[in-house]
Structures are given as structure tokens and as C-alpha cells.
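Student: next input, structure requested:
(chains A, B, C and D, ligands or ions: 4)
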Amino acid sequence: MEALTMEKRLKMYRLMLTIRAFEEKIVEVYAQGLMPGLAHLYVGEEAVAVGVCTALEPADLITSTHRGHGHCIAKGGDVKLMMAEMFGKDTGYCRGKGGSMHISDIELGIVGANGVVGGGIPLATGAALSAQMRNSGQVVVCFFGDGASNNGSFHESLNLAALWRLPVVYVCENNGYGISVAQSRHQAIKDVAVRAAAYGMPGVTVDGNDVEAVHAAARVAVDRARQGEGPTLLECKTYRFRGHHEGDPNRGNRYRSRQEIVAWEEKCPLKGYEAKLLAGGVTWEQLEELKEKVQQAIEAAVQYANASPFPPLTAALADVYAG
Amino acid sequence: MEALTMEKRLKMYRLMLTIRAFEEKIVEVYAQGLMPGLAHLYVGEEAVAVGVCTALEPADLITSTHRGHGHCIAKGGDVKLMMAEMFGKDTGYCRGKGGSMHISDIELGIVGANGVVGGGIPLATGAALSAQMRNSGQVVVCFFGDGASNNGSFHESLNLAALWRLPVVYVCENNGYGISVAQSRHQAIKDVAVRAAAYGMPGVTVDGNDVEAVHAAARVAVDRARQGEGPTLLECKTYRFRGHHEGDPNRGNRYRSRQEIVAWEEKCPLKGYEAKLLAGGVTWEQLEELKEKVQQAIEAAVQYANASPFPPLTAALADVYAG
Amino acid sequence: MAIKTYRDALREAMREEMLRDAMVFIMGEDVGVYGGIFGVTAGLRDEFGEGRVKDTPISEAAIAGAATGAAMTGMRPIAEIMFVDFTTIAMDQLVNQAAKWHYMSGGRIKVPLVLRTTTGIGRRTAAQHSQSLEAWHAHVPGLKVVMPSTPYDAKGLLKSAIRDDNPVVFIEHKMLYNEKGEVPEGEYLVPLGKADIKREGSDCTIVATSLMVRRALAAAEALAGEGIDIELVDPRTIRPLDIETICTSVSKTHRLIIVHEACGFCGVGAEIATEVMEQAFFELDAPVVRVTGKEAPIPFSPSLEDYVVPSVEEIAAAVRCLVKGGE
Amino acid sequence: MAIKTYRDALREAMREEMLRDAMVFIMGEDVGVYGGIFGVTAGLRDEFGEGRVKDTPISEAAIAGAATGAAMTGMRPIAEIMFVDFTTIAMDQLVNQAAKWHYMSGGRIKVPLVLRTTTGIGRRTAAQHSQSLEAWHAHVPGLKVVMPSTPYDAKGLLKSAIRDDNPVVFIEHKMLYNEKGEVPEGEYLVPLGKADIKREGSDCTIVATSLMVRRALAAAEALAGEGIDIELVDPRTIRPLDIETICTSVSKTHRLIIVHEACGFCGVGAEIATEVMEQAFFELDAPVVRVTGKEAPIPFSPSLEDYVVPSVEEIAAAVRCLVKGGE
Ligand SMILES: Cc1ncc(C[n+]2csc(CCOP(=O)(O)OP(=O)(O)O)c2C)c(N)n1
Ligand SMILES: Cc1ncc(C[n+]2csc(CCOP(=O)(O)OP(=O)(O)O)c2C)c(N)n1
Ligand SMILES: [Mg+2]
Ligand SMILES: [Mg+2]
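Tutor: Ligands and ions are numbered 1, 2, ... in the order given. Down below sits the predicted model:
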């Protein structure tokens, strides 16, 4: 595999930065009451979405989860349309009808976030079946959590994908918890990747906070899928820095220790990568400039969202059926 | 583990014989139109139910499947009540309301056959939870097929059982097919037992046509469970000699070759065991006598079933709710 | 016109649509070599190959979900769930995913999915293989629900369902597969959402679905001999429901009996009765009568099974009582 | 009498029953340390230990199924499924197993199971977290379905549900958890299957469920100022339904409006309307009116979410229209 170009590395950095900035802005606007509903933030897990999605072609597809902002941004989602959607505005990705947990952009290959844990896994499998049948050359990435790996939909889907050698990569974002339940209290295994053997597909575990490690593993899996060799289960060990959702007090301190949280913060995927980039020749100024641009984009997104109108009431009864 | 006494061996033989005779009688009465509904026969798989159930205590529990006659007999079910149930009679196990796919005898620990593939797996898991919570010392055996191992209920249940170290043994009767779909066409693995590792429990594969091999493996698993060491996945490779159900023409010849069927018939669990018993000192006369007794019991069951009344129409609306 | 079975009519519909549109394919348990447990897909694997007639593992959630994912990304799957009882395993995918993605995406995603399944009693397969659950599916905005009662309707409706851009739950009755009826040679479609008047009459309207259409027809024949003239309406599509045709008929007969096999409580009959009351209350000479499955799981024993769902005689008796009571 | 929240009343019910009967236990996602996502089980794990307040993996089918298996073999589980939307994953276990084993065993097996779950809108959590699906559960013989609207009812009904020998789907409304009401100190039970008249009146009966009871009450207060006197009946239990109390009220007021949050099509309102028509047709001065959730998935944007379910104003308007139209 060729080494990563600096351009690609900076792209990965920029995407991680965008996700972080987006999510931190959500903390703010959520506290201000501008965003209704639930906000499950991706802070701390940015390297997974970015490492994986930068291994994809534009035409490739992803399915996402309740914690989906990062996936959407990494796959090229427009932060303006995202923010407007989260504000419940008519200009949002789903015309205000989906919200944070249901953002999709089918043209960008974002088949959709999902409010049902495990609900997207069969969809991804079906999208991969579609790619295979249409001979489109597309690969599908399916994101889900450690908690979701205990749902029946995981099992049925991975079995089907291995059997039919579908072009799909199952990416388990193992952040150690399903809401308050630690992995050791929801499954008697350490690595979700061991489950791959149950289906006859390769399973790989990587450091989910190391964007280049994730990227490298994803490329192998994506190449396999694209070459018709079938699915891979790729587990990325990571951690969420915030509570399960905004409103989970003290960043989930009820069920996880401060030490644990702090220890993981030390492994922040952004900080680590910054250091690496600087060591690789990028200047501090370059990074600062990037940060500023990203921040501006996020501010613009909030402005856009704020300035946008709410949907008319008639929208509530539209789009129930197609055609 | 102590060697098997001759008494135990003869008991195992008698139970296998009873199952075989029962099922062959079903072929007959089904063809005569005496048994309505579906008949999924266990012919060829007798060693699994018998090997496993003879490793259980009377108070232990089992859950069963659509192909459940063998499990029921092996756990001590009364062939009269079974036959009457299959005939739809008021004297049957379920007063004619369950039929072949739903026979239960909760006093004997037969929690029930199940018409939903995989449907009994969570029930067994819950029964094991119940045994654990009541501290009853009971072990639960959960029978299911290779096809069922692809259902989400399998996955969710085994994960839960391993996590909570429940006293349950999951017995996969791998007869190579889910209806017409060969194992190689429903999962990309050879041994269902490899799935055990996905949950952190031991997985064992045995020759399901060798009743003593099944028994030995079952005893290990049952002892483990009883000692609080948690569940085991025990896979028994076997074969059904008849079609998926009576009415599947030519014993399933549409989707499996005559050679394959004949080759498995050579491995008939009963024939093999007879030879072993004879070599072990049992006389031909003893076996013949047993066969006769068994046959008489089956004839008596048919007589009982025939002589029994159908349920009154009022029964249809009784037992919808308890109490 | 040729006389064909309901089973053959369904197969023809799929075959024609698969020939017409390369995106149409079939997936489900035993749909391939076995040809489906009721033989509906027999021969299609030979004609179209394993690639388009796919045997699946026993994974109802994945069948419905993968079909949904495929539909969202350009295919037009026909997924088969053997028994409607097992759609219970697929309800998240059907209801939270298939039914909602068009809406949740603000209209940008389409889910052209047909989920074929079988319903009802008759085969003595007891409580887990004989239910009628169409009221569940019909309760979900975003789903369409179809229940054909004749070979003609079966073919025309299935073709329409395959061409529809929405998820359609297509419910076939196991006791209808061998029933024969006229099926035209050339291509035709029966539109979703249009009821059909299976018999014209003046004394009393019966609305019946699926197998009950046949029973109601038999009851009507018997009643004709007694001088009672039944109008029989078959909604064919449960959602969207053609209430207009039903109300028009009620405005003519002023009496309504609804017959379905599903349990009455919260069944489709309650919806129809209520809509008629809402829209044609003052046309009714008497309260609407429901003749439905009794409030019990389906028992195994044949006489009990027969007892819990409406019989021809039960339907006829209800009509007699209503017509005479109303006079 | 003490004033308590609905949430606390529910917790008290579980606590008392767990103290009374060692076979009662709780299992579900995040019911332990977290105390349930809506805080209903808060503190119970500390009091009863992990052994009796069990956090589970995210495995809804196994939660419902294992609870059923435990119930069949001597325990009395209270299983929690976070949102009724996710009972879609557990329907096989709930409907084909829990609801049917008593019947399929000819009455020999009992399934004393309570499945607690939450329903409804109000938290802007969109289409997959806000549905109302009680009509599905109520359609299934063998299940009981309870929807309390006040703290008093919540406690008394939950205790009855736990003691009942049948599977009970116990549906709590997320927007009611913080509502306060009187809850007596000592032990009491509210029987399943008994409606409650939340307000007596003479001009029009409203039957409302769950959150809609509060809205209907508010509408009634407003209408009282206009001289319209509402009788408000809360069935509390959807199955078995206390139709007698409803019909008695209709015989008094001669007008009926049914209000629920679920979509109207094939909803519980259709059943109630139909039963009233069947049993009290000639008492009705006007067609029964339904005020229900609109025929759409629940949208995210607050104004849209509010729009798709009945508001106080919408209820009041329907009453005005009915009462004036009927005069
Ligand atoms: C089927 C289902 N069950 C329960 C929930 C409630 N819920 C939302 S997120 C979550 C935890 C998910 O854990 P995991 O899959 O590890 O993802 P994470 O939140 O850690 O990213 C739960 C239980 C749900 N949305 N869907
Ligand atoms: C959930 C579900 N899906 C489909 C069926 C129809 N069906 C009955 S038996 C069977 C095959 C089961 O295969 P396996 O588990 O290997 O058991 P076997 O019949 O081989 O003993 C199928 C698909 C069912 N009963 N339940
Ligand atoms: Mg997690
Ligand atoms: Mg098998």
C-alpha cells in the first residue's frame, strides 16, 4: 500500500477537526435550546469515521447510527444542511423531518443515520447486495457500536454478507459502552472482531484513535470488498468523551470513572494526529489556518440554520408515500 | 467420567427405538390422513435427543423445535399423550390445541416444541435464568437446527447466556439443511460450533449419530452448566432420513442427492448402536424383545389416540387467558 | 381467457416483471430450488438463475432489512417471508426502516419493496403459522397492504405492487393457491387502492377480504335462494382503503356486514366500520355487523380451527339476522 | 394522600411487588446503574442488587424471550423495552411465544410477564422513537395491554399487572413521567379491565387514553366555560376493554369522541367506535368522532411533531363541532 500523501493526511486532519468543531458547537447550541431532541456526540471517536471514509470512493455508500454526525461529515456531508436539519429547519437534509438520528444524503452515498441500534446493519447489507447485483463497483461501509453487536440484526446480516460475499465492511466503533453498560457487562468477549470467525469473514481490531491505523485497515477491507472477496469486520477501539447524549450528566460519570475518562482524553485522536503532522513537516500556522477555516464553516452553518425557516405544517403530511 | 452401565445403554437404545417407531408410525397415520397439519420427522437424528436427554436429571428442562417428537420422547414424554395430541384429540398433551409443533409437558421439564425456527432459543435462555435465580440446580437444554443458528434469536440468546453464565446447553442439530437449503448455502462456515467463540463459551462438535459420543459431550456440558460455569454450544452432525416434512417428495430428493441420502443411511444411529450392544454382550433376543415392547407401546398410543374424543368446540375459546 | 390458479397467476406476475425490469429480483427462504414452500416461485430460479432468485438463510430481519437496503439503493426486491406470523421478526425493518425512510429523508429516498407473505388458517398448522396480522401492517403510515382474493386480482395487484415506489406488504392466502379463475393473456394491472365489487346486489353489503371473499360469495349464493340479494365488495387493498366504493354500496343497501379472518379486536373490520359510520352514518339502517375470527390463537385440532374463523354458514346467518332485524 | 410523580408511582409499584414476592425481578437495557433512561428504576439496583435488577445487552428479542422463558418456569419478570418502537424487534417472542403458550399448552403453562415500555411524542426524537403501537398488542389474544394516565393509576395498575398470570404490555407515556398526582400511602390495586371516569358530564363523552386523557381534561375545562359539559372516560386497560363503562356513558350523553395519539387507521379508536356502534347504536345522536394522530410517521421538527397528534384545541374544536352539529 502506498504511503499517505500529505494532502490526504491534511484532509483527514481537516475532517476530524470539522467533526470536533461541529460537535462542540452542538454542545453549545443544544444548551441554548436551539437543537431539539437528542444529541449523541462523536467527540473522541473522530478517527474512526475519518479513517474509514477517506478509504472510500465518492460513489461508495455508508450507513450510520444514532451517533452519526461524524460519519456524515467524513463522507462529505454539508455541515450547513446538517445543522439546519438538527435545528428542525425546512432547509435541512430531511426538511426537518428526520433530525440528528436520521440524516441521509443518498446522492453522497449517505444511506442514513438510524435511531434503532443495529437497525442499519441489514440496510447496509442490502445496499451491498444492490451494489453487487447492479455490478456498480460500489463498496458499502456499515458503522455500528459495540452495543449493537449484540443485536440479532448484526448476526443475520454478517452471516448473509459472508455467504454472498457482499462488498461491505462492517465497522464496529467499540467505545466500551452501550449507554451505561460497559462492554464487560454486555458481552463475555473482549474483541468484537472475534465474531467475524462465526461467519467466515476476516476480523480485525485496530486502535480507533489512530486515524492512519484505521485508514490502513479500512483500505485493506475496502479493497477486499471491491475485489469481490467479501466482507470484513473491522473493530475500532475508541471512546466517547461526552455522555451518551447531551444531558447524560458529567459525561457519563455515573457509570464510568473520571480516571477512565481522563486516560482516554490523553489518547485524543486529534491531539495525537496534530503532533504527528507537525513532526511530519506541517507548520503550526498551517494547522491554525485550517482550524480557523473549519470554525468559520461551522459558524456559517449555525447562521444558515438560524436564518432558515421552519417547515410549513403541511410538510408533516407530505412524503408519507412516494409517487 | 464413569463408563456407561449396560442399563443406561439399553435405556438409550430403547429411547432411540421408541422415537424411530413413533416416527415410522407417523408416516403411516399421516398417509392415512389421521394426523392433520405438518409432520417434521426425526428419523435418523435419534442419537442426538437421546444422547443429550439421558445426560439430564428429571427436573431439568428442555426446549424443542418443529422437529420435536424425538426430544419429547427422550425427555420422558408419554407417547399416548403425544399421539393423541397429533391426532388433535382432547386427551392430547395440549388438549388438541397445540399439535405436533407445540407439544409441551411442563411437569416433565418439556417447556415446549416451537413452530418458529429459533423461537425457543430465548425461551431456553430465560428458563436457565429462572433456574439460576431460583437456585434450583436445574440445567436447561435448548435444541435447534443448523438453519436456526442464522436467526438473530440465536445470537442474542447465546450472548446473554455466556454473559450471565446461565446453566444452559445449546444443542445444534446440524442435519445439513434448513428445508431445501444446504448448510453451505445458508452459512459460510462448516461447523456451527465455531460460533461459540463469538460469545465466549466453549463450542464442541460431535458425531450426532453416535449416541454415546453425544452423551459424553452432553455430560461435560451439563456438568459445566450445573456447576455454574455457564453455557456450552454443542453441535451434533446428523441427517434426516425423510423429507423436511411428510409431503416433501422423495425424502427431499429435489435438493439432495440419492447418494447422499443413502450414504447417511449407512450411518444410521440405531443400526450402529445395535451392533455395538451386541458386541458388548447383549443378545439378539433381548433387542427383539425390546423392539416388540416398543412397538406395542406405539400401537397402544395409536389406539388411545383413535379412541379419544375430539375437543368440544368450547375448548377453542378457553385458555386464552389464565386465571 | 385462460383459467389459471392463484399460484400460477402470482408466478406469472413476478416472471413478467422480472423480464421487464432487470432490477426486480426475488429473495427468501426456499424460493429457489424448492420453488417456495407453496410452489409460487417454482421454476423461476431455473429461468432467471440463482443471482435473481435467491435462497436466503432463516433470517427474517435480514431478509426484510436487506431487501429494504437494496430498494433504497436502486433495486426492486420481492422479498418472501413464509408466513405472516414470521413478519413479527422483521417488524423493525419493515416498520421502522422500510415504511419510514421516504418520510425521514424528506422525500429523497424511495423504497420500492414488495414483501410477499402468506396468511390464514386451513392447513392445521396451529397458532404460530395461521395468524392474520394485516391490521398491524395497515396501521403503519408508509406501508401499503394488499390481500388478493382471486387469480385475476393476484396477478394484476402483484404487478402493480412491484412497480409501486413504496413498500407493499402483499398477503396471499394459503388456501387460495389452488383456486382457479380467469386470467387474461396479455399484460394488465390492477391498481392498488381500488376495491372491486365481486357481486352486485341490493339488500345488504358485505365487505370481505382474502379467503373470506369466497366464503361470502358462497353465502351470497345461498342467500339468493332465500330472496336476499347481497352486494359483495372486496377492498383488495387494505391500505390505501377504497372507502368510497364501500360507502357507495352502503348508500344503496343501507346495511353492512364486514367479514375477515383476523381477530375482530382492533382488526381491519373496526376501521372499515368506523369509516362507514363517519362517512355514511345516516345511510345505515342498522349497526354495522362484524363477522371475524374469534378472540383466540388458532388452535390445532381441525374442528376447532374451523370454528374460530367465519364459515359460510356463519356469514349467511349474520346476514339473515341483519336483514330481517332491519326490516 | 401524598403527591407523587407518575415515575415515582411506577417505581413504588415495582419496589413493593419485589419486596412482596421474591420471584419478581427487573430486566432491561440500562435499568441498573443508570436507573432506566427515564429514571423509573432509579435506586432499585442499589436496594435489590444486580441479581434482581438486571442490565441487559441491546437484544430486545432476547429480553422479551428470556423474560417469557423465565415466566414459563416460575419467575415473574418485569422486562423493560425502552421504546415501544423497539417492541418491533421483540414481536415474535411477545406475540408468538408469550401470548400463545398458555393456549398452546392447553392451559398448563402460565406466562406471568410484564413488559414495560414507553410510548408517544413530545421529546422530538422523530419517527423511530415516538410511535404509538398499542393497537398491535391489543390485536393479539393472549396479551393484555395497559396505558395508565395518572400516577394513581400507574401504581395500582402496575401492581395488578405484576400479579396477573398473563403477559401484560404496560405502556407508559414519556411525557407523563413528571406529572404529579395523589397516590395513597398504603397498598392498593387498580384492577385490569376497569375504565375510570375522570370527569363526569352530560353533553358528550370523550374516551381518551394515556397522555390524551390530560389533553381531553384540559379541553373539558375550557369547554365547561362555554357551557359544554364533558364526561371523560379513561379505559386505562386497552385489552381487556371496559366497553360497558363507555357505553353507559354514551347512553347518558349520546355523543362520543375518541381521542388517542396513535394513528387513526386501524387504531384502538376504531375498535371502540365499532363496539359502541354494535352495542349502543341507537343511543348515538351523531356519528362517533375520532381525534387521532395523523397518518404520518412522527416528524422531528417540533411544530410538525406537535401538529401530528391531537392538541387540546383540536379536541375542543371536535367537541364543539359535534355538540353543535348534534343540536
Ligand atoms: C433497538 C434499540 N434498542 C435500544 C435503543 C436505545 N439506545 C440508543 S443508543 C444505545 C446504546 C448503543 O450502544 P452502542 O451500539 O455501543 O453505540 P454507542 O452509543 O456507544 O455509540 C441504546 C441502548 C435503541 N436506540 N435501539
Ligand atoms: C422463523 C421461521 N422462519 C421460517 C420457518 C419455516 N421453516 C420451518 S422449519 C425450517 C427449516 C429449519 O431448519 P433447521 O433449523 O436446520 O431445522 P431442521 O428442519 O433441519 O431440523 C423453516 C425455514 C419457521 N418455521 N420459522
Ligand atoms: Mg458503544
Ligand atoms: Mg437443519
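
Student: quick check: whatever residue of the stretch 101-250 of chain A ends up closest to ligand 3 vs residue D:316, distance?
Tutor: Of all residues in the stretch 101-250 of chain A, residue A:145 sits closest to ligand 3, at 3.6 Å by CB to the ion. C-beta: built from backbone N, CA, C; applies to glycine. Computed as CB to CB, to the nearest Å, the residue A:145 to residue D:316 distance reads 45 Å.

Student: before we move on, what about residue C:86?
Tutor: For residue C:86, the distance to residue D:316 - CB to CB - is 44 Å.

Student: the residue of the stretch 101-250 of chain A closest to ligand 3 is in contact with residue A:68, isn't it?
Tutor: No: the pair residue A:145 / residue A:68 is not scored as a contact, 11.0 Å apart, by CB atoms under 8 Å.

Student: between residue C:86 and residue D:316, which is the more surrounded one?
Tutor: The neighbour comparison of residue C:86 against residue D:316 (other CB atoms under 10 Å in any protein chain shown) goes to residue C:86, with 26 against 22.

Student: mind listing what that one touches?
Tutor: B:116, C:60, C:117, D:92 (CB atoms under 8 Å, 6 or more residues apart in numbering or on different chains).

Student: of those, keep whichever come out buried.
Tutor: Those of these that meet the buried threshold are B:116, C:60, C:117, D:92, by 16 or more other CB atoms under 10 Å in any protein chain shown.

Student: check contacts around residue 51.
Tutor: Because you didn't say which chain, this covers chain A. Going by CB under 8 Å, 6+ apart, residue A:51 touches A:12, A:210-215, A:217-218, A:236.

Student: correction: the question concerned chain C.
Tutor: By CB under 8 Å, 6+ apart, the neighbours of residue C:51 are A:133, C:25.

Student: surely it is in a strand?
Tutor: No: counting by DSSP: H, G, I helix; E, B strand; the rest coil, residue C:51 falls outside a strand, being coil.

Student: need the pLDDT of it.
Tutor: With respect to pLDDT, residue C:51 scores 97.

Student: find the centremost residue of chain C, please.
Tutor: Among the residues of chain C, residue C:147 comes closest to the average C-alpha position under CA atoms, centre = their mean, at 1.3 Å.

Student: count the residues that sit near whatever residue of chain A ends up closest to ligand 4.
Tutor: Residue of chain A nearest ligand 4, by CB to the ion: residue A:159 (14.8 Å). By the criterion of other CB under 10 Å, residue A:159 has 30 neighbours.

Student: same check on residue C:70?
Tutor: Residues contacting residue C:70 under the criterion other CB under 10 Å number 30.

Student: how about the helix or strand containing it and ligand 1, any contact?
Tutor: Using DSSP states H and E, residue C:70 sits in helix C:60-72. No: Helix C:60-72 lies apart from ligand 1 when judged by CB under 6 Å from any ligand atom; the minimum separation is 11.2 Å.

Student: in CSV, list the C-alpha atoms belonging to that helix.
Tutor: What follows is helix C:60-72, C-alpha atoms only, in CSV (Å, rounded to 0.1, in the frame of the first residue of the first chain):
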residue,chain,number,x,y,z
GLU,C,60,-36.4,-12.8,8.6
ALA,C,61,-35.0,-9.5,9.9
ALA,C,62,-32.1,-9.6,7.4
ILE,C,63,-34.4,-10.6,4.6
ALA,C,64,-36.7,-7.6,5.2
GLY,C,65,-33.8,-5.3,6.0
ALA,C,66,-31.5,-6.3,3.2
ALA,C,67,-34.4,-6.0,0.8
THR,C,68,-35.1,-2.6,2.2
GLY,C,69,-31.4,-1.6,1.8
ALA,C,70,-31.4,-2.9,-1.7
ALA,C,71,-34.6,-1.0,-2.5
MET,C,72,-33.2,2.2,-1.1
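
Student: quick one: distance of that helix to the chain centre.
Tutor: In terms of CA atoms, centre = their mean, to the nearest Å, the centre of helix C:60-72 is found 21 Å from the chain centre.

Student: helix D:60-72 and that one, what's the angle between them?
Tutor: Angle, helix C:60-72 to helix D:60-72, by axes from the mean of the first three to the mean of the last three CA atoms, to 10 degrees: 160 degrees.

Student: close to chain A, is helix C:60-72?
Tutor: Yes: using CB under 8 Å from any CB of the partner chain, helix C:60-72 reaches chain A at C:61-62, C:64-72.

Student: for chain D, tell me which of the residues you listed show up nearby.
Tutor: residue C:61.

Student: reformat the residues of helix C:60-72 next to chain A as a markdown table; add pLDDT.
Tutor: Conversion of these to a markdown table gives the following (pLDDT from 0 to 100):
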| residue | pLDDT |
| --- | --- |
| C:61 | 98 |
| C:62 | 98 |
| C:64 | 98 |
| C:65 | 98 |
| C:66 | 98 |
| C:67 | 99 |
| C:68 | 98 |
| C:69 | 98 |
| C:70 | 99 |
| C:71 | 98 |
| C:72 | 98 |
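
Student: who's in contact with the spatially most central residue of chain A?
Tutor: Central residue of chain A (CA atoms, centre = their mean): residue A:71, 2.9 Å from the mean position. Contact partners of residue A:71, counting by CB under 8 Å, 6+ apart, are A:49, A:53, A:62, A:64-65, A:110, A:113, A:143.

Student: and if you look at residue C:188?
Tutor: Counting by CB under 8 Å, 6+ apart, residue C:188 makes contact with C:155-156, C:159.

Student: break chain C into its domains for me.
Tutor: Using automatic domain parsing, the domains assigned to chain C come out as C:2-183, C:196-323.
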